[in-house]
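K.L.:
Mind folding the following:
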Amino acid sequence: TRAEKVYPSGRITIIDPDADGGKPAGVKGVRVSCNSFVKFSHSYTDSEGYYKMGKKFSAKLRYRLIFENVKGFSIGVNLILVPASVSTLGKASPDGVNLTVTEDSEDKLFRRCVVNNSAYDYYERCTPDDLNLSLPPKDIRIWIFPRLKASSAVMLHHGAILDYDLLSSFLGDFAPLVKIFLPDITLGLQGDDFKGIYSTVCHELAHASHFSKVGTDYWNKYILYIIGSYISSGGMTYGDGKSTGSGYCEVGEMWAYYLSSKMYMERYAVSYPNFGTSYWFYPQIFRYLEEKGISAWELFSVMGTDVTSRDALLRALLARYPQKASYNEQIFNRYI
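P.N.:
Presented below is the predicted three-dimensional model:
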């Protein structure tokens, strides 16, 4: 007798040992695909990691995760035939496959799932009932570089100018691939655990939200300073803050370090981390402004195309919130 046909279903989860009490959480919004010979079906996981295919099968199937997320970002290659990075899960019954990813899982699978969930959570936190921030542009392309440490929000796919010589110096052997596939975000994740990856993803997506607000002309000046100073200084991140374009870096990095610190603190229930506070642009200014009652949304709302330095940021805050002028000036003056 022929086996009864069923809709494959299951749950894909991941464990962050430092969050959710170490319990499995869903791998969120990711595409699950299966096939038997030429018959294919796919589904997206929900916020708890559950999926159910739309077609019935009776034979053993090949399962895979495709890192193209319902929120509008993809991890890895983005072509017509290959929309994103693919992790194969092997053959399993037509009932479906269940999987829990941990730090002991295959490195690529673990990193992709952590980046996926970190980005999904960032998008969720941008909603009006939470942080109320601009989302990154649609169809964000995120690339993972496990052997690099430096990350960037180059926003190439969304129109930022590609200076190939600069990019070659920054990304080395990976530069030709970048020129072809035009990522928006590059993640250098060498040696990072779940918490480290989460922090990096939030930082770079904070930049992507800023890009949504200010556009490509602003971003070109910013990213050329970031990469140019990194190369000219022999690998000193963010340079010395004195060359052309440093004001764009000052505002952008204050924002990204502040927001990633805030989100990290709230996810892991720890004291406020000191991300970026040793640099010349002092992201802790935003933290102290928030402690005085200025929300992340209020800070973000003044970061328009005319805010190209810390001084311009203070002027914008004074103009928007004159009733808070005294302590705004006091906090900024600590770091002159």
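K.L.:
I figured Tyr222 was touching Trp255, is that so?
P.N.:
No - Tyr222 lies out of contact with Trp255 (Cβ atoms under 8 Å); the separation is 11.1 Å. Bear in mind the C-beta positions are built from the backbone N, C-alpha and C, glycine included.
K.L.:
Between those two, which has more neighbouring residues?
P.N.:
Comparing Tyr222 with Trp255 by other Cβ atoms under 10 Å, the one with more neighbours is Tyr222, at 27 against 24.
K.L.:
Which residue comes closest to Lys138 once chain neighbours are left out?
P.N.:
Gly72 (4.9 Å; Cβ to Cβ, 6 or more residues apart in numbering).
K.L.:
could you list every residue that touches that neighbour?
P.N.:
123, 135-136, 138-140 (Cβ atoms under 8 Å, 6 or more residues apart in numbering).
K.L.:
Show only the entries of those residues found in strands.
P.N.:
Among these, DSSP state E puts Ile140 in strands.
K.L.:
Which of the contacts of Gly72 are buried, as a PyMOL select command?
P.N.:
Here is the PyMOL command that selects only those of the contacts of Gly72 that count as buried (16 or more other Cβ atoms under 10 Å):
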select buried, resi 123+135+136+140
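K.L.:
May I ask which helix or strand encompasses the residue nearest the centre of the chain?
P.N.:
Note on the chain: the residue nearest the mean C-alpha position is Val201, at 3.3 Å, using Cα atoms, centre = their mean. In this structure, Val201 sits in helix 194-232 according to DSSP states H and E.
K.L.:
Okay, strands next: where are they in the stretch 51-200 of the chain?
P.N.:
Remark: strands assigned in the stretch 51-200 of the chain by DSSP state E, counting those that start in this stretch are 61-66, 73-75, 86-92, 99-101, 140-145, 185-188.
K.L.:
list the helices and strands the second one packs on?
P.N.:
Read that as strand 73-75. helix 107-125, strand 140-145 (3 or more Cβ pairs under 8 Å, 6 or more residues apart in numbering; DSSP states H and E).
K.L.:
Show me which positions of the longest one end up buried.
P.N.:
Just to be clear, that refers to helix 107-125. So for helix 107-125, counting by 16+ other Cβ under 10 Å, buried means 109-123, 125.
K.L.:
Would you quantify the distance from Cys126 to Val201?
P.N.:
Separation of Cys126 from Val201 (Cβ to Cβ, to the nearest Å) stands at 13 Å.
K.L.:
same check, this time on Gln284
P.N.:
21 Å.
K.L.:
cool, Gly247 as well?
P.N.:
26 Å.
K.L.:
Please enumerate the helices of the protein.
P.N.:
Here the chain has its helices, by DSSP state H, at 107-125, 164-171, 175-181, 194-232, 246-268, 284-291, 296-301, 310-320, 325-333.
K.L.:
Mean pLDDT and distance to Val32 added to the ones you listed, as TSV?
P.N.:
Output for the helices of the chain, formatted as TSV (pLDDT from 0 to 100; distance: least, Cβ to Cβ, whole Å):
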stretch	mean pLDDT	distance to Val32
helix 107-125	97	12
helix 164-171	72	31
helix 175-181	70	24
helix 194-232	92	21
helix 246-268	96	25
helix 284-291	94	39
helix 296-301	95	34
helix 310-320	94	44
helix 325-333	89	48
